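# this is the structure alone, sequence omitted:
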């Protein structure tokens, strides 16, 4: 298992987990979000191919409509 921190919460995940898999696990798939991993934005087109590493720190921001 690897441990990653998402929005200040530690999660244990299987090795090889991708950003896309993490979003599905967190029930965020299909929502308008921005993902930052270790200080770098992960473009949406790279979510399926970007694997998480042990100790990675992610910030996930969900876009909220309104005004």
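Received it, and whenever you're ready, just let me know what you need. Remember, it's a predicted structure, so these values are computed and weren't measured experimentally.

# now name the helix or strand holding residue 60.
strand 57-62 (DSSP states H and E).

# got the contact list for the most centrally placed residue in the chain?
Most central residue of the chain, judged by C-alpha distance to the mean C-alpha position with CA atoms, centre = their mean, is residue 19 at 4.6 Å. Listed by CB atoms under 8 Å, 6 or more residues apart in numbering, the contact partners of residue 19 are 35, 37, 42, 46, 47, 48, 50, 52, 58. In short, each C-beta sits where N, CA and C put it, glycine included.

# now residue 23
Going by CB under 8 Å, 6+ apart, residue 23 touches 29, 33, 35, 47, 60.

# closest one to residue 6 out of those, please.
Nearest to residue 6 out of those is residue 60 (CB to CB; 6.2 Å).

# surely that closest one meets residue 31?
No. At 9.6 Å, residue 60 and residue 31 do not qualify as touching, with contact defined as CB atoms under 8 Å.

# neighbour count winner among those two?
The residue with more neighbours, out of residue 60 and residue 31, is residue 60; 18 against 12, by other CB atoms under 10 Å.

# what bridges to that one?
residue 35 (DSSP bridges).

# how close does it sit to residue 48?
16 Å (CB to CB, to the nearest Å).

# now residue 61
19 Å.

# flag the shaky bits of this structure, pLDDT-wise.
66-67 (pLDDT under 70).

# which residue ranges of it form strands?
Using DSSP state E, the strands found in the chain span residues 2-6, 9-13, 33-37, 40-41, 57-62.

# centre of the chain to stretch 16-31, how far?
Remark: stretch 16-31 is offset 6 Å from the chain centroid, using CA atoms, centre = their mean, to the nearest Å.

# please apply the same query to stretch 50-67.
For stretch 50-67, the distance to the chain centre is 4 Å (CA atoms, centre = their mean).
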